[in-house]
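Asks: Got a predicted structure here, sequence first:
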Amino acid sequence: MLSSFHLPPTKPKQKHKPYYNGIPTCSNLTRFTVPREPMQMVRHSPQHPWIIHLNLANSNVSGTLDRIDFTSLANLTLLNLNANFLYGSIPPSISALISSDLSNNYLTGAVPYQLSNLQNVWHLNLGFNNLEVPDYSKFLPMPSLAFLSLTSNNLILEFPPFVLNCTALKYLDLSGSNFTGLIPEVLMTNLVNLKHLDCWT
């Protein structure tokens, strides 16, 4: 049963909202958190099979995501780049993740449909960027996705239909993204695990 639902008439957009800290911390994870020139270090080393958790949240990182060679991060499962100064598009080469937080940046372009290839991802936060409407017809169902935030982007037009196939969703935030139209009636039928829904515009 849905335990929280937010649909106020207006709400100001804010940058650098405190990031969702539901990312798991497990004692057996290898973490990689560096305060100085982090993008350069990841870019110039040929391979990083030992990196499982890349946490550069709130580290004043600037630049584009294509400066990271994600193909060399074969075992990367947790990526946290929240609250930085990243711009440009999200590269479709991001793979193998189970949790990704790219919120509170300045990312642009369409949300890449390749993100839906991450069949094991359970946490995806793209909120507070300048992302645009993708071709939703190319999105695959994401059966493991439990947390999805697209809040405060430029995702105008209709409710994103791929969400209706993310049947494990518990937390869904589509607020502040200028969606138009009605919430599909089948939302609560399909998303039986949904506990939190935020849709203010």
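Replies: Cool, the structure landed. Every value quoted in this text rests on a predicted model; they were computed, and no experiment measured them.

Asks: only C-alpha atoms for contact and neighbour calcs from this point on.
Replies: OK.

Asks: what's the pLDDT at residue 35?
Replies: pLDDT, residue 35: 40.

Asks: Pairing partners for the most centrally placed residue in the chain in the sheet, please.
Replies: Taking C-alpha atoms, centre = their mean, the centroid of the chain lies closest to residue 125, which sits 2.8 Å from it. Note on residue 125: beta-bridge partners residue 101, residue 149, judged by DSSP bridges.

Asks: Stretch 137-155: how far from the chain's middle?
Replies: Relative to its chain's centre, stretch 137-155 lies at 8 Å (C-alpha atoms, centre = their mean, to the nearest Å).

Asks: secondary structure element for residue 87?
Replies: Element membership for residue 87, per DSSP states H and E: strand 85-88.

Asks: Mind giving me the packing neighbours of that strand?
Replies: strand 62-64, strand 106-107 (3 or more C-alpha pairs under 8 Å, 6 or more residues apart in numbering; DSSP states H and E).

Asks: Neighbouring strands of that strand in the sheet, and parallel or not?
Replies: Looking at strand 85-88 with DSSP bridges, its partner strands are strand 62-64 (parallel), strand 106-107 (parallel).

Asks: before we move on, back to that, ok, so what distance separates the residue nearest to the centre of the chain from residue 171?
Replies: 11 Å (C-alpha to C-alpha, to the nearest Å).

Asks: Likewise for residue 144?
Replies: To residue 171, residue 144 is 12 Å away according to C-alpha to C-alpha.

Asks: if I pick residue 76, what's in contact with it?
Replies: Residues near residue 76 by C-alpha atoms under 8 Å, 6 or more residues apart in numbering: 49, 51, 52, 53, 54, 96, 97.

Asks: Just the buried ones from these, in PyMOL syntax?
Replies: This is the PyMOL syntax for the buried subset of the contacts of residue 76, where burial follows 16 or more other C-alpha atoms under 10 Å:
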select buried, resi 51+52+53+54+96+97
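
Asks: where exactly do the helices run in this structure?
Replies: Counting by DSSP state H, the segments of the chain that form helices are 38-44, 187-190.

Asks: in this structure, which spans are strands?
Replies: Ranges of strands in the chain, per DSSP state E, are 4-6, 31-32, 53-55, 62-64, 78-80, 85-88, 99-101, 106-107, 123-125, 147-149, 171-173, 196-198.

Asks: what mean pLDDT does the fourth one have?
Replies: It refers to strand 62-64. Mean per-residue pLDDT for strand 62-64: 93.
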